[in-house]
Every structure is written in C-alpha cells, then in structure tokens.
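# Sequence and predicted structure, then a few things I'm wondering about:
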Amino acid sequence: MENPLLLFSQANISASKDKPYYKAMKSAVKEEPHKASKPGVKQKRNRLSLLLQKPEFHESDHLGKPGNLTKAASSVSPEEAVKWGESFGKLLSEKAGLDAFTKFLKTEFSEENIEFWMACEDYKKSESADELLPKAKTIFKTFIQKDAPKEVNLDFHTKEVTSQSIGRPLRSTFDAAQSTVYRLMEQDSYPRFLASALYRSLLQGRAPARAALRRRSRSFTLSDLQGSRPAFPAR
C-alpha cells in the first residue's frame, strides 16, 4: 500500500502558482483531515507543515518565490542595507528588506510571524466586503485558532477578541493581532537580524552565506517585552 503522506504531497505538486495568498492558505486548511484522537494531532500538523512549505504557499506581492530570496538580497547595496538598521518599519517597507528578514526568520523556524503579518496586509486591501469573510476564516484557521498549522504567539485576550469578530469581519478584524506580532518581531527578531551574519554580509557588500538553522523558544508574549515602538511603519 502506498504511503498516504506521499499521496497527499503528490496530489498538490502541480497546483497553480498564480493563486492569491489567502486562496493558497484556504486550500491547505481545507485538505486537513478531521481531528481524531490526541495522539494523531502531531502527525496531522507535521503533514500540513510539509504542504505549507511548498513554494506556492509562500508567494505574495511582497515576498515572491523563496528561490529568489538570495538573488534579491545579493543585489542590495551596503548603503541600502544600512537604512534597514534605522527602524523595523524601514526594513519591512522595502521588498529586498522584507525578503532578507524572511530568509532570516526561516533560519529560526519562526517565519509564520512575517507570513501572518503579510496575510493581514493583503486582507486589508480587500476591495469588497464579500472578500473579507473567506479571507478572515482562512487567516484564522491558518494562524490563530488552537493547533493552527502556522499558529502565531498571541495572548489570550487578543486571540479572543479576534475570534469573536470572525463571523462578521471588518477590515480592522486582525489589527490587534497584527500589531502584537509586529511588535514581537520588532523587539525580538529584528535585533537578532541586525546582529546576524546575513545582515553583516549585506553591509559589507557580499552575497549572504547560507545561515545555519536553529530552533528557539517562542514561549514569551508581548507582555514580556517593554518599550514598544509604533505598531506599523509610516505610509
């Protein structure tokens, strides 16, 4: 009998790479099997993780294909990289900066934070109210609900407030959650990015070397961090 995990992966290998970001997330969530007993939860999440690592899931207007990360970062001038050190908002406001920061988060296994932030940015660009509900449900199932495949670290109050508005979402539905994740990245991941070998190589005008992957604890919440800056970069 063929391995069901292989069948699961192969069934999606030819998926269109032109799908909008939230549609790719929706497809991933829909293919998740119904929850069974607790011992099967870990296996289920591992299977979804394999799907969500596929290139088409990570595409967006900001990020582009993962294979382009090194290419985009290597074309950055030292002068441009210096500007990224001025503020977190400046880093995320430029595509090359967003690409480089995403590449760094992948080395720490915390790319779900920037993916959630980008999904929220896309959500707020919805052109009609009819687009909000399916997008909101997909973002919630992918990043916020308990045991979500890309669950981000939110405090209980923020998670509850967000979940209560999913049934009748507004463009501001994810503002509190997005702000929380933004500040977590700004105060936790951003300083480490500035101290990383990847960023130092860009300052020196060299193509970034492949960074070693490392797993870190994500048990903290925003309440553990002090002196936060404004939640979003100036437009």
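Cool, got the structure. Residues are numbered from 1 along each chain as shown.

# switch to C-alpha atoms for all contacts and neighbour counts from now on
OK.

# Quick check, Y123 in contact with L132.
Yes. Assessed by CA atoms under 8 Å, Y123 is found in contact with L132 at 7.1 Å.

# Contacts only, for the nearest residue to Q178 once chain neighbours are set aside.
Nearest non-adjacent residue to Q178, counting by CA to CA, 6 or more residues apart in numbering: W117, 5.8 Å away. Each residue near W117 by CA atoms under 8 Å, 6 or more residues apart in numbering is listed here: Q178, V181, Y182.

# and the first one, what helix or strand is that in?
Spelled out, it's Q178. Assigning secondary structure by DSSP states H and E places Q178 in helix 175-184.

# Next, the buried residues of that helix.
Residues of helix 175-184 classed as buried by neighbour count (16 or more other CA atoms under 10 Å): D175, A176, A177, Q178, T180, V181, Y182, R183, L184.

# now do stretch 182-195
Y182, R183, L184, M185, E186, Q187, S189, Y190, F193, L194.

# what do you get for stretch 82-90?
V82, W84, G85, F88, G89.

# what do you get for stretch 150-159?
K150, E151, V152, N153, L154, K159.

# which non-adjacent residue is nearest the second one?
Okay, so that is E151. F143 (4.2 Å).

# Look at that neighbour and tell me its secondary structure.
Using DSSP: H, G, I helix; E, B strand; the rest coil, the structure places F143 in helix.

# Distance check, it against S189.
For F143, the distance to S189 (CA to CA, to the nearest Å) stands at 18 Å.

# same thing with P149?
21 Å.

# Quick check, pLDDT for the residue nearest to E151.
F143 is assigned a pLDDT of 98 by the prediction.

# For it, the count of nearby residues, please.
Counted with other CA atoms under 10 Å, the neighbours of F143 add up to 22.

# I'd guessed it sits against N153; true?
No. Using CA under 8 Å, F143 makes no contact with N153, being 9.1 Å away.

# Excluding chain neighbours, what is closest to A136?
Leaving aside its chain neighbours, A136 sits nearest to I166 (6.3 Å; criterion: CA to CA, 6+ apart).

# Just the element for that neighbour, please.
Take DSSP H and E as the rule and I166 turns out to sit in neither a helix nor a strand.

# show me the residues around it that make contact.
Per CA under 8 Å, 6+ apart, neighbours of I166: L133, A136, K137, F140, T173.

# Of those - the most surrounded one?
Going by other CA under 10 Å, A136 tops the contacts of I166 with 26 neighbours.

# Please report how far that one lies from E111.
On the measure of CA to CA, A136 and E111 end up 20 Å apart.

# that older thread, overlap in contacts, Y123 and L132.
Residues touching both Y123 and L132 (CA under 8 Å, 6+ apart): R171.

# all helices of the chain, in order?
Along the chain, the stretches classed as helices by DSSP state H are 4-10, 21-30, 41-52, 69-74, 78-84, 88-93, 95-107, 112-123, 129-139, 156-164, 175-184, 190-194, 197-203.

# Contacts for the fifth one next, please.
Read it as helix 78-84. K90, L91, G97, Y199, L202, L203, Q204, G205.

# Nearest to S77 among those?
Distance to S77 across those (CA to CA) is lowest for G205, with 6.2 Å.

# That closest one against Y199, yeah?
No. G205 is beyond contact range of Y199, at 9.9 Å (criterion: CA under 8 Å).

# Looking at these two, which one has more neighbours?
Taking other CA under 10 Å, G205 and Y199 do not tie; Y199 has more neighbours (26 against 16).

# And the more buried one, how far from T107?
Applying CA to CA to Y199 and T107 gives a distance of 13 Å.

# what's the answer for L91, then?
Taken as CA to CA, the span from L91 to T107 is 18 Å.
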